[in-house]
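[1] sharing a model prediction with you, sequence too.
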Amino acid sequence: MFSFLKNKKININSISFPTFDWEVMKEDDYFKQWINKEQTVALSINFFDSKPDLPYLNEIDVVREFYRKELSAHNGGLIEVNIKEIEDYKTIKTIFKISQEPTGISYLSSLTFPFKEYSFVIKIQSLEYGMTGTRESEIIASLLENNELTPNGDSYLEWARDPYKNEFKEGLLMNLSEQEIYDSLYSNHALSKARKLINTIEGKLVFDDELKNLKRLKK
């Protein structure tokens with residue numbers, strides 16, 4: 001009886017996080033977006049009140065393949081896909097790269113919280129703008145100087161690869177300059193911002209008590 005009242009309070013505001021005093025650009029019951037003052041980075045949250053279309057979460061290789069196939073079909077690639085627990089909530093943490101037109105890369109970092117009948121996705125979209133390629137060219141020069149790259153036509157053998165599957169060669173592959181160890185040297189780079197912001201959000205999430213009673217995604 002009164003089953004229609006169950007989970008009535010679950011909504012887009014059931015997970016709270018820092019928004020960095022950015023301006024709200026869009027807002028409704030299922031989507032909210034903020035933009036930084038330079039309009040180069042967007043923060044958003046999606047709330048879905050339907051069963052997530054995700055693979056079996058206990059097998060990380062399956063999850064990575066799920067995203068890998070989708071991204072490579074749209075000239076994108078993986079930088080990070082991991083499953084972790086945040087306050088007992090299973091979370092998929094991802095960083096993707098997607099080619100922009102006419103030039104540059106868009107970096108997408110996200111935290112996905114899947115439940116049996118709901119899901120939340122917090123996302124950072126960070127765009128390259130202005131002069132691009134500085135990070136890559138400087139790191140290539142450094143690696144060449146230390147004999148850590150092997151020339152191969154117009155590229156280098158060791159330069160680009162899928163971070164989890166060496167034999168995979170499709171889409172826009174991660175390159176060596178996109179490793180996190182270089183972020184501190186290029187703090188204004190789009191990837192550095194995307195990674196830092198999602199890490200900040202990850203450490204400051206607040207979950208409403210109502211989420212504790214939700215059935216978790218177990219497929």
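    Everything's here; your move. Numbers count the residues shown, from 1 in each chain.
[2] which residues touch Phe31?
    Applying Cβ atoms under 8 Å, 6 or more residues apart in numbering to Phe31 gives the contacts 12, 44-47. Every residue, glycine included, has its C-beta placed from N, CA and C.
[3] can I get those in a markdown table with neighbour count and pLDDT?
    As requested, the contacts of Phe31 are exported to a markdown table (neighbours: other Cβ atoms under 10 Å; pLDDT from 0 to 100):
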| residue | neighbour count | pLDDT |
| --- | --- | --- |
| Ile12 | 17 | 98 |
| Ser44 | 17 | 98 |
| Ile45 | 23 | 98 |
| Asn46 | 16 | 98 |
| Phe47 | 19 | 98 |
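[4] could you list the low-pLDDT ranges of this protein?
    Low-confidence segments of the chain, defined by pLDDT under 70: 1-8, 218-219.
[5] could you pull out the strands for it?
    If you assign secondary structure with DSSP state E, the strands in the chain sit at 15-16, 23-27, 31-35, 41-48, 76-86, 89-99, 105-114, 119-127, 151-152, 155-156, 206-207.
[6] what's the angle between the fourth one and strand 119-127?
    By that I understand strand 41-48. Orientation of strand 41-48 against strand 119-127 (axes from the mean of the first three to the mean of the last three Cα atoms, to 10 degrees) gives an angle of 160 degrees.
[7] for the fifth one, same thing?
    Strand 76-86 runs at 130 degrees relative to strand 119-127, counting by the same axes, to 10 degrees.
[8] show me what strand 76-86 is packed up against.
    If you count contacts as 3 or more Cβ pairs under 8 Å, 6 or more residues apart in numbering; DSSP states H and E, strand 76-86 packs onto helix 60-72, strand 89-99.
[9] go through these and pick out the most buried.
    Comparing the helices and strands packed on strand 76-86 by mean neighbour count (mean count of other Cβ atoms under 10 Å), strand 89-99 ranks first with a mean of 20.
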